[in-house]
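Peer 1: Structure for this input, please:
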Amino acid sequence: MGEGTKLLTQRAVGDDLDIMGPIGNGFNIYPESRKIMIVGGGIGVAPLLALCEESIRQGKEVRVLIGALKKELVIGEESFKILGAKVDIATDDGSYKYKGLVTDLLIEIISRWLPDQIFACGPKPMLKKINEIALKANIDCQVSLEERMGCGIGACLGCVCKIKLKEKKNNKEEYHYKRVCVDGPVFKANEVIWDD
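Peer 2: Coordinates of the predicted model:
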């Protein structure tokens, strides 16, 4: 969508690129976790494939939920299955598998299959709802935030989000800004202030 992406599309296989990295933080799979739930919505599914692969490599039981508006927009289903994950799909319009929001499917599944951790990436309203579900079920939840990034190195402050401070002041929730590009993109879901 941005100028950088446009420039990348003009490169050919085998071209040299200068890159800087790694920058930011990824998901933290706890050694004691046995059951992992991965939830992706829309293009937020794409970055979760490597997480699934690593979770399975560590011997975890992995379940993946993919949400999309309609069947034609479902991505990654076969790739997750090839890795050995159990995959469930939700489409808003009901054109493929479960009819409804992926968050509704999550509620239904955790009532009979309770994960130790939930990892998610997708639109903010979806992530906010997943946080609420995880809090209610007392499940650790980490989210990868999708923000437009101008520079990608923390200088422009275009991708900031509000993160709760550890302690309240005067009984009021205090926060500070974190840069999604270098401080994230993964945050503990219960630390993100979602109402902005």
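Peer 1: Check the secondary structure at residue 66 for me.
Peer 2: strand (DSSP: H, G, I helix; E, B strand; the rest coil).
Peer 1: Assess the claim that it and residue 74 are in contact.
Peer 2: Yes: using CB atoms under 8 Å, residue 66 makes contact with residue 74 at a distance of 5.9 Å. Glycine gets a C-beta too; all of them are placed from N, C-alpha and C.
Peer 1: The longest helix anywhere in the chain packs against which elements?
Peer 2: Counting by DSSP state H, the longest helix found in the chain is helix 124-137. If you count contacts as 3 or more CB pairs under 8 Å, 6 or more residues apart in numbering; DSSP states H and E, helix 124-137 packs onto strand 35-41, helix 102-110, strand 117-121, strand 140-144.
Peer 1: between the ones you listed, which one is nearest to residue 85?
Peer 2: strand 35-41 (7.4 Å; CB to CB).
Peer 1: tell me the angle of that closest one relative to strand 117-121?
Peer 2: Interaxial angle, strand 35-41 versus strand 117-121 (axes from the mean of the first three to the mean of the last three CA atoms, to 10 degrees): 20 degrees.
Peer 1: Who does strand 35-41 pair with, and is each partner parallel or antiparallel?
Peer 2: Sheet pairing of strand 35-41 (DSSP bridges) gives strand 61-68 (parallel), strand 117-121 (parallel).
Peer 1: what's the weakest-modelled helix or strand in the protein?
Peer 2: helix 3-9 (a mean of 85; mean pLDDT, DSSP states H and E).
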